[in-house]
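Enquirer: quick one, structure for this:
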Amino acid sequence: MFNESDAEKFFTLISRSREYLKEWMAWLDNIKSVEDVSKNIQGRLEAFVENGGHPKSFAIIYKGDIAGTIGFNEIHKKDRIGLVGYWLGEEFQGNGIMAKALNTLIDYGFKELKLNRVEIHVAVENKKSRALPERFGFVEEGRFRQAEWLNDHYVDHIIYALLAEEWRTK
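Expert: Next up is the predicted model:
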């Protein structure tokens, strides 16, 4: 889990990867200072309490450094659905880090949070992010047209889903 002392390191990672991430992450324009990151972390900590003591998001640590983040951007408790979000700093790409993080998060979602369904929504052209759910056996269920305003244009999203019963059989 993130803690408030991570704000400066997390901001540094965001700053170093800003141009790389900007292609797919519209929220970067809202992060201009360590204080912005600190507020984000505080929100994550509050979500921990609201979620009954179960964290929703995590720092990805690689060789002692914060490499990125992964978690459930939304959890629909009634329907037991978790919507996954993730990103990795540019310098940490290509090491299998996100695959390990996603495997752990999916397992956590189904076993600890008792989710029935895990979803990942990805921009159609974001091939790196689309490769992960495809690798993990998520089913491509459809396309949300113009699902997100990204910098100066709309992008469509592909919707992937994995059910608890499908995860258990792997």
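
Enquirer: may I see the buried residues of the worst-scoring helix or strand of the chain on mean pLDDT?
Expert: Comparing every helix and strand of the chain by mean pLDDT, DSSP states H and E singles out helix 34-50 as the least confident one, with a mean of 80. Of the residues in helix 34-50, those buried by neighbour count under the rule 16 or more other Cβ atoms under 10 Å are 37, 38, 40, 41, 44, 45, 47, 48. Glycine gets a C-beta too; all of them are placed from N, C-alpha and C.

Enquirer: for stretch 64-80, same thing?
Expert: For stretch 64-80, burial by neighbour count (16+ other Cβ under 10 Å) applies to 66, 67, 68, 69, 70, 71, 72, 75, 80.

Enquirer: ok now it, how far from the chain's centre?
Expert: In terms of Cα atoms, centre = their mean, to the nearest Å, the centre of stretch 64-80 is found 6 Å from the chain centre.

Enquirer: same question, stretch 61-81
Expert: A distance of 5 Å separates the centroid of the chain from that of stretch 61-81, by Cα atoms, centre = their mean.

Enquirer: and the helices in the protein, which stretches?
Expert: With DSSP state H as the definition, the chain shows helices at residue ranges 7-22, 34-50, 97-111, 127-135, 164-168.

Enquirer: for the closest residue in space to residue 26 that isn't next to it in sequence, grab the count of nearby residues.
Expert: Nearest non-adjacent residue to residue 26, counting by Cβ to Cβ, 6 or more residues apart in numbering: residue 150, 5.2 Å away. Neighbouring residues of residue 150 were enumerated by other Cβ atoms under 10 Å; the total is 16.

Enquirer: which strand residues bridge residue 150?
Expert: With beta bridges defined as DSSP bridges, residue 150 has these partners: residue 153.

Enquirer: make 4 the first number, not 1, from now on.
Expert: Sure thing, new numbering starts at 4, so read that last one as residue 153.
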